[in-house]
Structure formats: structure tokens, C-alpha cells
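**Q** Predicted structure and sequence below. I'll ask about it afterward.
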Amino acid sequence: MPRLPHLQRDEAPLYLARYYEREARREARRPGDGAPADAAADADPHSTHAPIGRPTTGDDTPLYLRRFRERRESPSITEPAPPLWQRSGAGMQRALSEDNRNKEIIAPRAARREVTNDVYLIRHGETQGYSTEAGLTPLGSWQAHTWGHTLAKRIRDGEEVVVASAATNRAGQTAGQLHKGLLDGLAMFEKDVKVHDPRALPEFRNFAVATPDGLRDVTGAFRRYYAVLERFERTATGDRPTWLVEIDRFWRVQQGGGDPIEHWLSTPMLHFEPPALCVRRFWAGILRLAADHPRARLTIATHSGPIRAFAVWALGYDPGEPYNTEHVRVKLMAGDGQALVSYRNRVQPVQIPDVTTLPTWSLEG
């Protein structure tokens, strides 16, 4: 009868067993312990005489039993636990601090300005494609979860975090995985933070295309565009409608290896939502969330086109396409109606627009 694998084992894995062997040889090399200096050097690292996975200290007690006894000897769980930084090892400290090593210059406390809301406009994770309303790939889910876990390192006790997204599958799944990663990180680092459940908001949708079926997300309009285009190519009768010509140019740029978002940003199109309206939409959504949740962190999973248009508006030039889960950060400052927009190590102060007083353009003037 073949031997089946089992999980009831008290020995350490091979990498840990070798670590114990190295530690034992290092202890044997120390002077003054009564052992010859070259005894450990002559030892066979692959010897089977010593129990695998246990330090060669002469204690044959199984590992699980030693760990159990150590727990019994530890202080009672009813006693208040010391702070995390006092009872955790260097690995936890590195995990907490590694995300804080960035290029942002922090002002002295006396000159520091108060931030009312910290906003993150995050591009969705890697998706299965853009020709259908597809969700995230396993890598995309991991990217979003990691982003949320990383955010947990920056947050302090007592803060509030709002998670919002566009209504598409890829943006909604990004918000969901980000939310899970954030909760996992907060539990790991033992922080008391209020986190709201993800919700989709219309202000943060992707830019739209006017089709015979109504306004559609540029990805959602792909199947309609392809079906109509195939009919025209098959019959070769009549002129193509303007919306079909414009969306065909958009997708042909991508098929040719170009940048379709740059095409949208730089080419006037009658049936595409203009970039300026996307920026106004985003500001309306940000200010609405800021009014509902003052002093909260706002994490918004959305699409690269509007995010890039927002960055172009703030910086005055096109800084390029954001990668999956890359973000544009907006800090709303208290008192003077200003904000700081940062993207790829460039920080730009801007005036927060009043979207209710912005001009409404029409043919009547």
C-alpha cells in the first residue's frame, strides 16, 4: 500500500533544518565553549545522525511540544499586550517602514499645512482584456490586494478610509480586492481604523462614447462597434456614421501599437466624452465624498483615461499612461481651497474648482 502524505509532522522543512545546522556550526566555532574549533567544520552538513529540523542542542523534545510549553510560560492573555513594535521582530519593522521610503519631502511640523482629505485615484489591476466587460486576472487581483495591504502601513489609528470605484467589473473587483488587502493589513499591524465597504459611484466611470444605443463605456461599446463595422465591410454600402468612424480610429490606434488614450486626449472627437468633462466629473465626485467623509482617506478605483486627463489638467503636460494600480494622489488642503496633485514624483498645487460655477458650453453660446 503506498504511503500517503500527511500533515502531522514535528520536524521543520528542509530550509529551516539547514538553518539550524548552520546555527549549530556557528555556535561550535565560538571560542570558550569546550569544543574544538574545527569540529563543526568537519561535520557533514547532510548527516542523518541528528534529527532533521531541530537544533543540535541535545534536546530531543519535539518542536511542537517545545512551542506549546513556551506558550504556557508566556504571560496571561488577560494582561495588556505591549505595543506591536516592542514584541515583534525586525521583519515586522521592515514591513511597516519599507513603504515610507519615498521621495516626498515632508515639511517641518511648524510649517506643515492641514490636509482635510487624502485622495488616491487608482487605476484598476490587470484585466483579461478590453474588448469585453472582463474582470481581473489573478495577477490583477494580487496587485489590488497588495495595494490595499501597503496602504495599511501608512494609516494611523483612528483614521477613516472610504473605498469607491467605477461601475465596471475590473474597477469593482479592484476595489473589492483592495478592501480585502486593507483589512488584512490592518489586522496584521493591529490598527483601529474605520473602513467603509466598497461602492460604485457614477462620477468615477470611464469616458463614454455616444452610440445608437446611448452613452456607453468605450470598452462596453466595442462589441456594438465591431458588429456594425463588420456589416459595413461585408456589404460595402452607404457611408459609415461618424460615431463608427471615430471609435474605429480609436481602436485602430491600439491595434497598431499606439496609445489610444493619447489619441483621445489630443484629437477632438464629436461622439467621445471630452477629457475636460471627465476632470469636472472627478472633481464633483471627490468633493461629494469629501463633504460626506471629512478628514477621511478616499481610495477610488477607476480607469486610466480619466486619471490621465486629471493629471494632464493639473500638471500642464501628459505624464504618460498609469500602470495597473498606479495612482494619482490628491491632498485637499484646509482653509484656502487648494489641493496638491502628485503623480510620478511631480507635485503641483492647484485651486480646487467650483464645478457648479464652471461654464456650460452649448451651440447657443
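**A** That came in fine, so what should we check first? Owing to the predicted nature of the structure, the values given are computational and were not obtained by experimental measurement.

**Q** Show me which positions of the top helix by length along the chain end up buried.
**A** Taking DSSP state H as the criterion, the chain has its longest helix at helix 169-188. In terms of neighbour count (16 or more other Cβ atoms under 10 Å), helix 169-188 has its buried residues at 169-183, 185-186. Every residue, glycine included, has its C-beta placed from N, CA and C.

**Q** residues making contact with it?
**A** 122, 124-125, 127, 133-136, 140-141, 144-153, 155, 161, 163-166, 193, 195, 197-198, 200, 204, 299, 301-303, 325 (Cβ atoms under 8 Å, 6 or more residues apart in numbering).

**Q** of these, buried ones?
**A** 122, 124-125, 127, 133-136, 140-141, 144-153, 155, 161, 163-166, 193, 195, 198, 204, 299, 301-303, 325.

**Q** So which of those sit within helices?
**A** Per DSSP H, the buried ones among the contacts of helix 169-188 map to helices at 140, 141, 144, 145, 146, 147, 148, 149, 150, 151, 152, 153.

**Q** can you give me the helices in this structure?
**A** Using DSSP H, helices in the chain cover 14-29, 63-73, 84-87, 90-97, 138-154, 169-188, 222-235, 242-255, 260-266, 275-292, 304-315.

**Q** What about residue 277, how many residues nearby?
**A** As a burial measure, residue 277 scores 14 neighbours (other Cβ atoms under 10 Å).

**Q** Residue 142 versus that one, what's the distance?
**A** Separation of residue 277 from residue 142 (Cβ to Cβ, to the nearest Å): 33 Å.

**Q** Then residue 26?
**A** 37 Å.

**Q** contacting residues for the residue most central in space within the chain?
**A** Geometric centre of the chain, nearest residue: residue 147, 2.5 Å, by Cα atoms, centre = their mean. Contact analysis of residue 147 by Cβ under 8 Å, 6+ apart lists 122, 178, 181, 325.

**Q** same question, residue 156
**A** Here residue 156 is in contact with residue 191 (criterion: Cβ under 8 Å, 6+ apart).

**Q** Touching, residue 330 and residue 285? I think so.
**A** No - look at residue 330 against residue 285 with Cβ atoms under 8 Å: they stay out of range, at 11.4 Å.

**Q** who's more crowded, those two?
**A** Taking other Cβ under 10 Å, residue 330 and residue 285 do not tie; residue 330 has more neighbours (25 against 22).

**Q** Any figure for the gap between the closest residue to residue 182 other than its chain neighbours and residue 139?
**A** Among residues not flanking residue 182 along the chain, residue 148 sits closest, at 3.7 Å (Cβ to Cβ, 6 or more residues apart in numbering). Applying Cβ to Cβ, the value for residue 148 to residue 139 is 15 Å.

**Q** likewise residue 321?
**A** From residue 321 to residue 139 the distance is 18 Å (Cβ to Cβ).

**Q** go on, residue 259?
**A** Counting by Cβ to Cβ, the gap from residue 259 to residue 139 is 22 Å.

**Q** what about those two, which has more around it?
**A** Between residue 259 and residue 139, counted using other Cβ under 10 Å, the more crowded position is residue 259 (15 against 12).

**Q** surely the more buried one meets residue 321?
**A** Yes - Residue 259 lies in contact with residue 321 (Cβ under 8 Å); the separation is 6.6 Å.

**Q** thought residue 270 was touching residue 246?
**A** Yes - counting by Cβ under 8 Å, residue 246 is a contact partner of residue 270 at 6.9 Å.

**Q** the more surrounded of the two?
**A** When residue 270 and residue 246 are compared for neighbours, residue 246 comes out ahead with 20 against 10, by other Cβ under 10 Å.

**Q** about what we covered before: ok, the residue nearest to the centre of the chain to residue 330 distance?
**A** Counting by Cβ to Cβ, the gap from residue 147 to residue 330 is 17 Å.

**Q** again with residue 28
**A** Distance from residue 28 to residue 330, by Cβ to Cβ: 59 Å.

**Q** go on, residue 69?
**A** 53 Å.

**Q** for residue 230, same thing?
**A** From residue 230 to residue 330 the distance is 42 Å (Cβ to Cβ).

**Q** try residue 270
**A** Relative to residue 330, and taking Cβ to Cβ, residue 270 is found at 30 Å.

**Q** Equivalent analysis for residue 305, please.
**A** From residue 305 over to residue 330 (counting by Cβ to Cβ), the distance is 17 Å.
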